[in-house]
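> This is the structure alone, sequence omitted:
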């Protein structure tokens, strides 16, 4: 009887969702130091074809396992403020990692893109921004 109660309690605890101890983001760092953060909402991590496949409420990203340096939970996404302009070429991606365009600079990307959340890669940095036109 005690064994059955214990097993029932363990199974019940296993069904509770993990909360990452109150952290909102899981951040991935590659070997070059580039950081990518994803919210932990509905987070699922699998491995397929030598890639770490990370899926959450916003979409799916893949990281080659060989290029991963570390991953860690964080209270913030680690994304800084987007400069008004930096004069450098910008490649824009959706939060699902889909490339949506290449632009002369950040201002050109802001003018061209629709309302939404984007990742801008410029001069070796990745910046997250919300466009609310």
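Alright, I've got the coordinates. Being a predicted model, the structure only gives us computed values, none of them experimental. Residues are numbered from 1 along each chain as shown.
> could you check the distance from the most centrally placed residue in the chain over to residue 47?
In the chain, the centroid-proximal residue (C-alpha atoms, centre = their mean) is residue 38; its distance is 2.7 Å. Computed as C-beta to C-beta, to the nearest Å, the residue 38 to residue 47 distance reads 16 Å. C-beta: built from backbone N, CA, C; applies to glycine.
> Tell me where this protein has helices.
For the chain, the helices defined by DSSP state H cover 2-14, 106-112.
> before we move on, the earlier item: beta-bridge partners for the residue nearest to the centre of the chain, please?
Beta bridges link residue 38 to residue 26, judged by DSSP bridges.
> give the contact list for it.
25-26, 28, 54, 56, 58, 61 (C-beta atoms under 8 Å, 6 or more residues apart in numbering).
> repeat that with 6 Å
Contacts for residue 38 (C-beta atoms under 6 Å, 6 or more residues apart in numbering) come out as 26, 54, 56.
> circling back: and the helices of the chain, which one's lowest on average pLDDT?
Ranked by mean pLDDT, those end with helix 2-14 at the bottom, a mean of 45.
> Can you point out the buried residues in stretch 121-129?
121-122, 126-129 (16 or more other C-beta atoms under 10 Å).
> possible to save these as TSV with pLDDT and distance to residue 107?
Formatted as TSV, these follow (pLDDT from 0 to 100; distance: C-beta to C-beta, whole Å):
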residue	pLDDT	distance to residue 107
121	86	16
122	82	12
126	79	18
127	80	14
128	80	17
129	82	12
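> any idea which of those residues is the one closest to residue 115?
residue 129 (11.5 Å; C-beta to C-beta).
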